[in-house]
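Novice: Sequence plus predicted model, see below.
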Amino acid sequence: AEAMLKIAQDYNIHDRDYLIHFLFGKTNIMLKDYKGAESEYKKGIELYPKDNAEKGDWMAHLGLAMYYNGEKEAGEQTILD
């Protein structure tokens, strides 16, 4: 995920930045870096170009990262939203 982000920055390719941040968030979850995951998921959601079911799925991932990051109530609410 870091390599994808670097390549996108080096070659000024930004049409899929939202996806790169989401994948970076997933990587952070696997590495138990929940603060980093929360940050990356937020960036991905902010850049997401549509308001559809997939964006809702991403919100659930954000809620999980928030929950694991100690923001249990806010994380649960984000998942439910």
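Specialist: That came through fine.

Novice: ok, residue 7 touching residue 13?
Specialist: Yes: Residue 7 is within contact range of residue 13, at 7.4 Å (criterion: Cβ atoms under 8 Å). C-beta here means a position set from N, CA and C on the backbone, and glycine is covered the same way.

Novice: for residue 81, what are its contacts?
Specialist: Applying Cβ atoms under 8 Å, 6 or more residues apart in numbering, we find residue 81 in contact with 59, 63.

Novice: Let me know the helix or strand that the most centrally placed residue in the chain is in.
Specialist: In the chain, the C-alpha nearest the mean C-alpha coordinate belongs to residue 41, at 1.6 Å (Cα atoms, centre = their mean). Using DSSP states H and E, residue 41 sits within helix 34-47.

Novice: now whichever helix or strand comes after that helix: mean pLDDT?
Specialist: Downstream of helix 34-47, the first helix or strand assigned by DSSP H and E is helix 53-68. Mean pLDDT, helix 53-68: 96.

Novice: how big is the angle separating helix 53-68 from helix 34-47?
Specialist: With axes from the mean of the first three to the mean of the last three Cα atoms, to 10 degrees as the basis, helix 53-68 and helix 34-47 are set at 160 degrees to each other.

Novice: send the alpha carbons of the helix or strand just after helix 53-68 over as CSV?
Specialist: Later in the chain than helix 53-68, the nearest helix or strand by DSSP H and E is helix 72-80. C-alpha atoms of helix 72-80 as CSV (Å, rounded to 0.1, in the frame of the first residue of the first chain):
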residue,chain,number,x,y,z
LYS,A,72,-15.8,2.2,21.3
GLU,A,73,-19.0,4.1,21.3
ALA,A,74,-18.1,6.3,18.3
GLY,A,75,-16.9,3.2,16.4
GLU,A,76,-20.1,1.3,17.1
GLN,A,77,-22.1,4.3,15.9
THR,A,78,-20.1,4.7,12.8
ILE,A,79,-20.6,1.0,12.0
LEU,A,80,-24.4,1.4,12.5
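
Novice: ok now do residue 49, which residues does it touch?
Specialist: Per Cβ under 8 Å, 6+ apart, neighbours of residue 49: residue 18.
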